[in-house]
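Visitor: show me how the following folds:
(one chain, ligands or ions: 3)
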Amino acid sequence: MLALSLLRTASAGPSTFSQSSKIIIRHASNGNGKPLPHIPVIRTLGQLRRWRQEAREKGLEVGVVPTMGALHEGHVNLVRTSISKHPLTVMTLFVNPMQFAPHEDLSSYPRNFERDVTLLQSILPLPTSPRQMRGLGVSEHESFRPSITSSGNGSSNGNNHDIKSSPLVIFAPTPDVIYPLKGELQDLRSHKGVEVDVRGWAEVMEGASRPQFFKGVATVCTKLFNAVEPDHAYFGQKDIQQALLLKILVKDLLLSHPTSENLHILPTTRSSEGLALSSRNSYLSKSELQIAPILYKALSTVKKIYESNENEIENENENLTGEDLISKSIKIILKEKERILSNKNKNENELVELNLDYIEIFDKNTFEPIRGKIKEKKNKEFIIAGAIWVGKTRLIDNLLIGWEIS
Ligand SMILES: Nc1ncnc2c1ncn2[C@@H]1O[C@H](COP(=O)(O)OP(=O)(O)OP(=O)(O)O)[C@@H](O)[C@H]1O
Ligand SMILES: CC(C)(CO)[C@@H](O)C(=O)[O-]
Ligand code: BAL
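Guide: Ligands and ions are numbered 1, 2, ... in the order given. Predicted structure coming up:
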């Protein structure tokens with residue numbers, strides 16, 4: 001089936017772009033002959049603001065799922081949750097230059113917009129009738145037509161039902177939309193413009209290894225929250241320090257959309273070997289993929305040691321300290337490194353380079369490292385988190401100790 005649309009909507013099948021601004025979209029079929037649902041793609045602030053205003057006027061709650069694309073099942077779980085709880089969800093898809101230091105992987109970061117859209121289409125329910133679409137609370141008959149240009153404010157003449165009937169829209173802005181001052185975004189020594197800094201929480205762990213990272217994340221998320229004004233926001237536990245820091249940000253900036261309570265953290269989605277799904281996993285070779293779950297293994301072994309220690313009333317580990325837990329997990333990584341090196345000549349596989357960046361156990365509220373005897377700690381809500389290099393790829397993971405995300 002061929003359809004003509006003035007809004008650049010997502011299509012799972014090959015799409016043909018004419019030289020003018022009109023876009024012809026060939027809709028993919030879901031195998032039953034029915035076209036897959038459209039997912040409207042919003043490019044400009046003007047389009048987004050009008051869409052948001054309509055949602056507000058209709059009293060429809062909006063959830064947001066910020067991402068950098070290269071979607072996987074972890075992202076899908078976030079978006080599924082938002083869709084199941086709110087009539088409207090915005091997935092933001094923006095590779096944010098400011099969170100990449102000049103030496104980091106901005107240029108090679110995986111980008112596959114068409115594939116991302118196809119994946120999202122495959123998880124959306126198929127509206128079978130206009131009534132069902134209205135059930136989402138968005139009439140397909142009222143006029144709304146954003147411009148398809150990637151800058152400017154868009155226009156609102158005409159009729160477009162896609163954007164109004166879909167429970168999910170993608171906000172995929174260009175850097176100029178998010179950073180209208182258009183200055184340097186990676187080398188922050190010459191950046192002119194606003195930077196949001198969550199001081200006291202952004203300098204440790206991920207922030208120690210990537211000093212620019214949280215400034216970039218805090219700045220872009222403040223902008224995305226201002227742009228979308230979401231009632232609820234969804235982040236993954238995989239990036240736990242990021243998610244907790246953003247909770248602090250929205251609280252300290254007195255944001256109402258979202259509030260700290262409405263910024264939700266969802267559990268990490270893992271492969272069957274325990275590897276946390278991550279867009280950067282696509283950098284890994286086959287041999288590297290086999291080694292990569294070692295971080296999860298190290299963290300989970302130590303979590304078990306902690307839990308068995310806590311559950312025993314009297315035990316020989318009465319004196320277990322934070323330092324002990326860190327060193328036990330580091331030993332597991334180092335042992336794996338030794339194993340790889342000792343196997344060097346035994347098999348044909350490439351030699352995988354494994355390096356530890358850090359492992360830390362820290363308080364979930366203050367981000368203070370846990371040192372000394374664990375039994376003596378009053379607040380026992382910890383996070384054990386780490387980062388490793390597998391070849392040229394940096395992977396992170398964490399487990400919660402003594403608490404769960406609600
Ligand atoms: N395995 C996962 N389980 C749950 N949430 C995840 C998972 N991976 C990423 N997320 C969450 O998805 C959101 C978008 O993350 P992002 O687009 O950076 O993907 P990523 O896989 O974390 O990429 P990267 O490889 O760059 O770390 C973040 O809130 C992140 O925590
Ligand atoms: C939150 C985020 C979308 C900000 O760019 C990014 O850091 C991510 O994808 O985790
Ligand atoms: N998920 C975190 C994004 C980053 O590493 O830049």
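Visitor: so Ala208 sits in a helix?
Guide: Yes: if the criterion is DSSP: H, G, I helix; E, B strand; the rest coil, then Ala208 is within a helix.
Visitor: residues in contact with the closest residue in space to it that isn't next to it in sequence?
Guide: Nearest residue to Ala208, sequence neighbours excluded (Cβ to Cβ, 6 or more residues apart in numbering): Tyr358, at 7.2 Å. Just so you know, the C-beta spots here come from the backbone N, C-alpha and C atoms, and that holds for glycine as well. Contact partners of Tyr358, counting by Cβ atoms under 8 Å, 6 or more residues apart in numbering, are 205, 208-209, 386-387.
Visitor: Tyr358: helix or strand, and which one exactly?
Guide: Element membership for Tyr358 (DSSP states H and E) is strand 354-363.
Visitor: next structured bit after that strand?
Guide: Per DSSP H and E, strand 354-363 leads on to strand 382-390 as the next helix or strand towards the C-terminus.
Visitor: may I ask which helix or strand of this protein has the lowest mean pLDDT?
Guide: Evaluated with mean pLDDT, DSSP states H and E, the helix-and-strand set of the chain has its lowest mean pLDDT in strand 16-17, which scores a mean of 26.
Visitor: for Ser165, see how far away the residue of the stretch 151-300 of the chain found nearest ligand 1 is.
Guide: Among the residues of the stretch 151-300 of the chain, Gly236 lies closest to ligand 1, at 2.1 Å counting by Cβ to the nearest ligand atom. As for Gly236, its distance to Ser165 is 28 Å (criterion: Cβ to Cβ, to the nearest Å).
Visitor: can you check Asn281 too?
Guide: Counting by Cβ to Cβ, the gap from Asn281 to Ser165 is 34 Å.
Visitor: next: Ser327.
Guide: Remark: distance between Ser327 and Ser165 (Cβ to Cβ) = 56 Å.
Visitor: more neighbours: which of those two?
Guide: Of the pair Ser327 and Ser165, Ser165 is the one with more neighbours under other Cβ atoms under 10 Å, namely 21 against 13.
Visitor: where does the stretch 201-350 of the chain dip in pLDDT?
Guide: Low-confidence segments of the stretch 201-350 of the chain, defined by pLDDT under 70: 313-317, 345-349.
Visitor: which stretches of it form strands?
Guide: Listed from the start of the chain, the stretch 201-350 of the chain has strands (DSSP state E, counting those that start in this stretch) covering 232-236, 263-266.
Visitor: which outside residues touch the first one?
Guide: Residues outside strand 232-236 that contact it (Cβ under 8 Å, 6+ apart): 61-66, 74-75, 78-79, 81-82, 85-86, 225, 242-243, 246, 258, 262-269.
Visitor: now restrict those residues to buried residues only.
Guide: In the contacts of strand 232-236, burial by neighbour count holds for 61-66, 74-75, 78-79, 81-82, 86, 225, 242-243, 246, 258, 262-266, 268-269, counting by 16 or more other Cβ atoms under 10 Å.
Visitor: gap between the most centrally placed residue in the chain and Leu36?
Guide: The chain has Thr67 as the residue nearest its centroid, 4.3 Å off, counting by Cα atoms, centre = their mean. Taking Cβ to Cβ as the measure, Thr67 and Leu36 are separated by 20 Å.
Visitor: where do the helices sit along this protein?
Guide: Under the criterion DSSP state H, the chain carries helices at the ranges 45-57, 73-85, 113-123, 130-135, 162-165, 175-178, 206-209, 213-228, 240-252, 286-291, 294-311, 322-342.
Visitor: would JSON lines of the ones you listed with distance to Asn398 be doable?
Guide: As requested, these are arranged in JSON lines below (distance: least, Cβ to Cβ, whole Å):
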{"stretch": "helix 45-57", "distance to Asn398": "32"}
{"stretch": "helix 73-85", "distance to Asn398": "14"}
{"stretch": "helix 113-123", "distance to Asn398": "25"}
{"stretch": "helix 130-135", "distance to Asn398": "39"}
{"stretch": "helix 162-165", "distance to Asn398": "37"}
{"stretch": "helix 175-178", "distance to Asn398": "28"}
{"stretch": "helix 206-209", "distance to Asn398": "10"}
{"stretch": "helix 213-228", "distance to Asn398": "15"}
{"stretch": "helix 240-252", "distance to Asn398": "5"}
{"stretch": "helix 286-291", "distance to Asn398": "19"}
{"stretch": "helix 294-311", "distance to Asn398": "7"}
{"stretch": "helix 322-342", "distance to Asn398": "11"}
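Visitor: closest to Met98 out of the ones you listed?
Guide: Using Cβ to Cβ as the criterion, the shortest distance between Met98 and those is 3.5 Å, found for helix 213-228.
Visitor: can you tell if the closest one touches ligand 2?
Guide: Yes: where contact is defined by Cβ under 6 Å from any ligand atom, part of helix 213-228 touches ligand 2, namely 217, 220-221.
Visitor: ligand 1 contacts on the stretch 1-150 of the chain?
Guide: Close to ligand 1, as judged by Cβ under 6 Å from any ligand atom, the stretch 1-150 of the chain has residues 67-68, 74-75, 78.
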